[in-house]
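K.L.:
A predicted structure for the sequence below; I have some questions about it.
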Amino acid sequence: MNAEMLKLIANGDVKPLIEKVISFDQIIDSLTAIKNHEAVGKLVAKIS
């Protein structure tokens, strides 16, 4: 990454695109979606 991009991230000007929050039992299906290029943004696993 170049210095300009790092600065934008540090300033909070660039934010990740979270496609969805998944539960622990959805992880396998979500990994398959990532492998098949069906996920556009980030998938966040909620473990609690």
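P.N.:
Right, received. Where do you want to start? Note that the structure is predicted; figures quoted are calculated from it, not measured.
K.L.:
quick check, L8 in a helix?
P.N.:
Yes - applying DSSP: H, G, I helix; E, B strand; the rest coil, one finds L8 inside a helix.
K.L.:
Got phi/psi on the closest residue to it other than its chain neighbours?
P.N.:
Take L8 and drop its neighbours on the chain: the residue closest to it by Cβ to Cβ, 6 or more residues apart in numbering is V14, 4.6 Å away. Yep, even glycine has a C-beta here, placed from its N, CA and C like the rest. The phi/psi pair for V14 (degrees, to the nearest 10) reads phi -110, psi 120.
K.L.:
Is V14 in contact with E4, as I believe?
P.N.:
No - taking contacts as Cβ atoms under 8 Å, V14 lies outside contact range of E4: 10.5 Å.
K.L.:
rewinding a little: from M5, how far off is the residue nearest to L8?
P.N.:
For V14, the distance to M5 equals 7 Å [Cβ to Cβ, to the nearest Å].
K.L.:
Same question for V44.
P.N.:
Distance, V44 to M5, by Cβ to Cβ: 22 Å.
K.L.:
show me where the protein has helices.
P.N.:
3-10, 27-35 (DSSP state H).
K.L.:
can you pull the contacts of the residue nearest to the spatial centre of the chain?
P.N.:
Of all residues in the chain, the one closest to the mean position by Cα atoms, centre = their mean is K42, 1.8 Å from it. Applying Cβ atoms under 8 Å, 6 or more residues apart in numbering, one finds that K42 lies in contact with P16, L17, I18, E19.
K.L.:
I9: how many residues sit nearby?
P.N.:
A count of neighbours around I9, defined by other Cβ atoms under 10 Å, yields 13.
K.L.:
Sorry, wrong one. I was asking about A45.
P.N.:
A45 has 13 nearby residues by other Cβ under 10 Å.
K.L.:
Next, the contact list for it, please.
P.N.:
V21, I22, S23, F24, Q26, I27, S30.
K.L.:
Name the residues linked to it by a beta bridge.
P.N.:
Beta bridges link A45 to I22 when assigned by DSSP bridges.
K.L.:
Could you tell me which ranges of this structure sit under the pLDDT cut-off?
P.N.:
1 (pLDDT under 70).
K.L.:
Right, I'll call it a day here.
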